[in-house]
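Participant: Fold the following, please.
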Amino acid sequence: MFVNREAELAWLEEGWESQRAQLRILYGRRRVGKSALLDTFAQDRRHITYQAVEGSTADQLRDLTAAILAVEDDAVLRAAPLANWEAALAQIAKLASDRPLLLIFDEYQYAAEADSTLASHLQRWWSREASRLPLYVVLCGSYVRFFVNNVLTGPAYGRNTGVLQLRPLGYRQAAAFFPRWSPEDALRAYAVIGGVPHYLEQFDPARSLAWNIQHRILQRGAVLYQEAELLVREELREPRLYYSILRAISEGRTQVSQIASRVLPQGTKTDLTSYLKTLEDLGLAEYHQPVVGRRARRGIWTVADPYLRFWFRFVLPYKTRLDHGVNVGDFYHATVEPALDQFVSKPGFEDVCRSWVLDQANAQVLPGFERIGAWWGPVPQPTPDNPRRQVEGEIEVVAAQGSRVVLAGEAKWTRQPVGFATLNHVREVLRAVPGVDAETRLVLFGRRFDPRLTNAAHAEGVTLVGPPDLYV
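Facilitator: Below is the predicted model of the structure:
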């Protein structure tokens with residue numbers, strides 16, 4: 001199923017329509033839909049699609065020879081397959097000498113790792129010959145660190161005509177995989193597996209969300225039962241340490257010092273900053289600071305990928321039982337179902353609410369802003385015995401323009417309807433948030449709302465947003 005990606009297709013189309021030689025770089029984590037995007041773009045165009053695999057350069061060149069012959073037969077090439085990368089690039093230039101040609105070089109990192117000279121050959125070929133031909137080259141790959149360290153800053157730097165990191169689908173696009181599900185279940189599904197197309201395709205839209213969680217994640221042998229471990233192993237060169245870091249964060253250790261004390265032997269001086277930055281580049285972890293006000297020492301790390309959050313919360317701690325044949329239906333009803341909505345509420349629902357605000361601002365329905373996130377910090381709550389008493393407060397959705405808060409919102413995914421008590425609490429916390437003024441727009445997000453609040457919302461100057469509104 002190919003869903004959305006209009007902006008990404010437009011990016012590719014723009015290069016083709018320019019009628020100028022193109023060297024585009026497309027990269028992103030495994031399973032995010034790069035090949036499907038490029039296959040869609042290549043339709044009805046003269047193209048060669050070559051996907052490199054791990055192996056020797058000789059293997060790579062044999063496979064590329066076959067890919068070229070599949071597009072245009074050549075008796076000479078059949079008799080003498082490509083011997084080196086210079087010959088391969090010369091053959092591609094020959095094919096593009098008289099009419100436009102699209103070359104998709106997928107999983108480029110495998111070929112480049114097998115032959116460290118490939119990048120230099122490619123750079124010289126592009127500069128001296130290919131850039132003057134009707135040729136559109138896309139270097140594509142799923143090893144994000146390799147592309148960041150070796151392609152974006154390597155010989156192709158300054159010669160490429162566009163770079164795009166393909167990211168998972170947003171919550172609206174993910175819902176297209178489950179067209180008959182309610183907005184609440186679509187949102188729950190997004191909080192459980194996120195927007196990676198391959199993960200979404202594992203769920204059966206004709207079945208319930210509960211059935212899918214049981215049989216497509218919790219069931220031993222299901223793709224998503226073991227995907228978390230495979231993801232860390234394939235994306236990262238030191239999987240054990242990264243795996244431990246993600247596990248520590250998922251257990252609530254959000255400060256670097258807390259993570260280090262959990263994953264490193266006592267007395268170890270290893271700096272985890274570079275490891276956390278790598279996880280951030282991959283979209284697996286995120287670093288957050290309050291979006292306004294003092295930010296020093298208040299940053300926290302979270303697991304960014306919804307599927308990983310769910311796996312570390314509900315699969316890993318119970319893996320022994322799941323591996324040994326526990327009834328997944330009984331396990332789901334006893335362990336997952338009672339805690340599912342609490343899991344969805346933070347940060348899944350909060351992330352969706354912030355995405356909705358961004359979409360509304362881009363559509364000019366809400367005022368524009370520079371950044372969006374959350375705020376947390378001390379809130380005065382004096383008592384007769386302690387007039388300086390403070391408690392920790394949080395506002396989940398805060399959009400800021402400069403030092404001013406243009407929008408503030410509370411996200412409550414609870415069974416109880418959101419009512420005036422929530423509104424009054426938000427207003428109390430907002431008094432402690434820097435940049436809030438009389439013009440700050442107030443939004444409450446929830447599964448449902450007290451009818452009295454619904455009736456009074458306009459007069460109170462409050463926008464109410466429920467699950468159906470998020471998908472309009």
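Participant: any weak-confidence spans in the chain?
Facilitator: Residues of the chain that meet the criterion pLDDT under 70 lie in 1, 154-158, 295-297.
Participant: can you do 80?
Facilitator: The chain contains residues with pLDDT under 80 at 1-4, 144-145, 148-150, 152-159, 234-238, 267, 269-270, 294-298.
Participant: Could you give the backbone dihedrals for the one residue sitting closest to the centre of it?
Facilitator: Per CA atoms, centre = their mean, the C-alpha nearest to the average position across the chain is that of Pro168, at 4.3 Å. With angles defined as degrees, to the nearest 10, Pro168 sits at phi -60, psi 160.
Participant: I am assuming it contacts Tyr190, so please confirm or correct that.
Facilitator: No: using CB atoms under 8 Å, Pro168 makes no contact with Tyr190, being 9.9 Å away. C-betas here are computed from N, CA, C, even on glycine.
Participant: Just the CA atoms of the lengthiest helix in the chain, as PDB, please.
Facilitator: Ranked by residue count and defined by DSSP state H, the top helix of the chain is helix 57-71. The C-alpha trace of helix 57-71 is given here as PDB (Å, rounded to 0.1, in the frame of the first residue of the first chain):
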ATOM      1  CA  THR A  57      32.600  -5.700  -5.500                       C
ATOM      2  CA  ALA A  58      32.600  -8.500  -8.100                       C
ATOM      3  CA  ASP A  59      29.100  -9.500  -6.900                       C
ATOM      4  CA  GLN A  60      27.900  -5.900  -7.000                       C
ATOM      5  CA  LEU A  61      29.100  -5.500 -10.600                       C
ATOM      6  CA  ARG A  62      27.500  -8.800 -11.700                       C
ATOM      7  CA  ASP A  63      24.200  -7.700 -10.200                       C
ATOM      8  CA  LEU A  64      24.400  -4.200 -11.800                       C
ATOM      9  CA  THR A  65      25.200  -5.900 -15.200                       C
ATOM     10  CA  ALA A  66      22.000  -7.900 -14.900                       C
ATOM     11  CA  ALA A  67      20.000  -4.800 -13.900                       C
ATOM     12  CA  ILE A  68      21.200  -2.900 -17.000                       C
ATOM     13  CA  LEU A  69      20.600  -5.800 -19.300                       C
ATOM     14  CA  ALA A  70      17.000  -6.100 -18.000                       C
ATOM     15  CA  VAL A  71      16.400  -2.600 -19.200                       C
END
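Participant: Next, the buried residues of the helix or strand just after that helix.
Facilitator: Helices and strands here follow DSSP states H and E; after helix 57-71, the next one along the chain is helix 75-79. Within helix 75-79, the residues that count as buried by 16 or more other CB atoms under 10 Å are Leu77.
Participant: C-terminal to helix 75-79, which secondary structure element comes first?
Facilitator: helix 85-95.
Participant: in that next one, what counts as buried?
Facilitator: Buried residues in helix 85-95 (16+ other CB under 10 Å): Trp85, Ala88, Leu89, Gln91, Ile92, Ala93, Leu95.
Participant: Nearest residue to the second one in space, please, no chain neighbours.
Facilitator: Leaving aside its chain neighbours, Ala88 sits nearest to Leu82 (4.6 Å; criterion: CB to CB, 6 or more residues apart in numbering).
Participant: count of neighbours near the one you found?
Facilitator: Look at Leu82: counted by other CB atoms under 10 Å, it has 22 neighbours.
Participant: Output the strand ranked longest in the chain as CSV, nothing but the C-alphas.
Facilitator: Longest strand of the chain, by residue count under DSSP state E: strand 390-401. Extracted as CSV, the C-alpha positions of strand 390-401 are listed here (Å, rounded to 0.1, in the frame of the first residue of the first chain):
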residue,chain,number,x,y,z
GLN,A,390,6.3,25.0,44.6
VAL,A,391,5.1,21.9,42.7
GLU,A,392,6.2,20.6,39.3
GLY,A,393,3.8,21.6,36.6
GLU,A,394,3.5,20.8,32.9
ILE,A,395,1.8,22.0,29.8
GLU,A,396,2.0,19.4,27.0
VAL,A,397,1.4,21.7,24.0
VAL,A,398,3.1,25.0,23.8
ALA,A,399,3.7,27.0,20.6
ALA,A,400,6.0,30.0,20.8
GLN,A,401,7.0,32.9,18.6
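Participant: Identify all contacting residues around it.
Facilitator: Contact with strand 390-401 is made by 291-292, 350, 353-354, 357, 361, 366-381, 405-411, 426, 429-430, 432-433, 435, 443, 445, as judged by CB atoms under 8 Å, 6 or more residues apart in numbering.
Participant: who does that strand pair up with?
Facilitator: Paired with strand 390-401 in the same sheet, following DSSP bridges, are strand 371-380 (antiparallel), strand 404-412 (antiparallel).
Participant: Which of those has the highest mean neighbour count?
Facilitator: strand 404-412 (a mean of 23; mean count of other CB atoms under 10 Å).
Participant: For it, what is the distance to the chain centroid?
Facilitator: 23 Å (CA atoms, centre = their mean, to the nearest Å).
Participant: ok so, going back, neighbours of the closest residue in space to the residue nearest to the centre of the chain that isn't next to it in sequence, just the number please.
Facilitator: Leaving aside its chain neighbours, Pro168 sits nearest to Gly195 (3.5 Å; criterion: CB to CB, 6+ apart). Neighbour count of Gly195, defined by other CB under 10 Å: 24.
Participant: so Gly195 touches Gly170, yeah?
Facilitator: Yes: using CB under 8 Å, Gly195 makes contact with Gly170 at a distance of 6.0 Å.
Participant: Closest one of the buried residues of helix 85-95 to Thr320?
Facilitator: Set against Thr320, the nearest of these by CB to CB is Trp85 (49.1 Å).
Participant: quick one: the closest one and Leu61 touch, right?
Facilitator: Yes: counting by CB under 8 Å, Leu61 is a contact partner of Trp85 at 7.5 Å.
Participant: Next, work out how far apart Leu133 and Ser97 are.
Facilitator: To Ser97, Leu133 is 7 Å away according to CB to CB, to the nearest Å.
Participant: Please read the previous query as pertaining to Phe2.
Facilitator: From Phe2 over to Ser97 the distance is 32 Å, taken as CB to CB.
Participant: Let me know the helix or strand that Trp125 is in.
Facilitator: helix 118-128.
Participant: Kindly format the C-alpha coordinates of that helix as PDB.
Facilitator: Coordinates of each C-alpha in helix 118-128 appear next as PDB, following Å, rounded to 0.1, in the frame of the first residue of the first chain:
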ATOM      1  CA  LEU A 118      33.500   4.000  -5.400                       C
ATOM      2  CA  ALA A 119      32.700   7.500  -4.000                       C
ATOM      3  CA  SER A 120      35.700   9.100  -5.700                       C
ATOM      4  CA  HIS A 121      35.000   7.300  -9.000                       C
ATOM      5  CA  LEU A 122      31.400   8.600  -8.800                       C
ATOM      6  CA  GLN A 123      32.500  12.100  -8.000                       C
ATOM      7  CA  ARG A 124      34.900  12.300 -10.900                       C
ATOM      8  CA  TRP A 125      32.400  10.700 -13.300                       C
ATOM      9  CA  TRP A 126      29.700  13.200 -12.300                       C
ATOM     10  CA  SER A 127      31.900  16.200 -12.500                       C
ATOM     11  CA  ARG A 128      33.500  15.300 -15.900                       C
END
